[in-house]
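> got a predicted structure here, sequence first:
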Amino acid sequence: MSFQFQRVSLGRRLAALMVDWLACYFIVVAFTGGLGAIAPSRSWSVLALFFAEIVIFSALQGATVGHRIFGIRIVRFADGGGISPIQALIRSALLVTVIFAITFDENGRGMHERLSGTVLTRS
């Protein structure tokens, strides 16, 4: 590994994830008519918006809204450069399955990061 990165704590990761999820949740609530209007069958719309937010912001900016707030960004593991749209898509698809996101390696990377060739680092 030639690129040296600053590990991101689990707390910072979870806080950024929570900000992104809540932002998507409140957007869906605003467009569906309030808190009581989200039926379980429409809860998939929160996940779909969450997935889209992660893919788009990761590919275009290297960070989601939550990442920006907590001072972290997504980079290529190999050299620290910006990630490609394909890497953003793979990372996001594996992240929303949850199991890949909670399994870490010796570098502190989730399986979704290993399989996409990315890493979260401090900005």
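Arrived safely.
> okay, CA-based contacts and neighbour counts for the rest of this
Will do.
> next one: phi and psi at Leu22?
As for Leu22, its main-chain torsions (degrees, to the nearest 10) stand at phi -60, psi -40.
> burial of it, as a residue count?
Neighbours of Leu22 under the rule other CA atoms under 10 Å: 14.
> if I look at the residue most central in space within the chain, how far off is Ala101?
For the chain, Ile54 is the residue whose C-alpha lies nearest the centre (CA atoms, centre = their mean; 5.2 Å). Ile54 is 14 Å from Ala101, where distance means CA to CA, to the nearest Å.
> do the same with Glu53
Where Ala101 is concerned, Glu53 sits at a distance of 17 Å (CA to CA).
> output the below-cut-off pLDDT ranges for this structure.
Along the chain, segments meeting pLDDT under 70 span 1-3, 34-42.
> hmm, try it at 90
1-10, 25-26, 28-46, 78, 97-111, 123 (pLDDT under 90).
> so Phe50 touches Asp20, yeah?
Yes: using CA atoms under 8 Å, Phe50 is in contact with Asp20, at 7.1 Å.
> Ile69: neighbouring residues, count only.
By the criterion of other CA under 10 Å, Ile69 has 13 neighbours.
> how far away is Pro106 from Arg68?
That one is not Pro; residue 106 is Glu. 25 Å.
> out of the two, which sits in the busier spot?
Neighbours were counted for Glu106 and for Arg68 using other CA under 10 Å; Arg68 has more, 15 against 6.
> can you classify that one by secondary structure?
Classification of Arg68 using DSSP: H, G, I helix; E, B strand; the rest coil returns helix.
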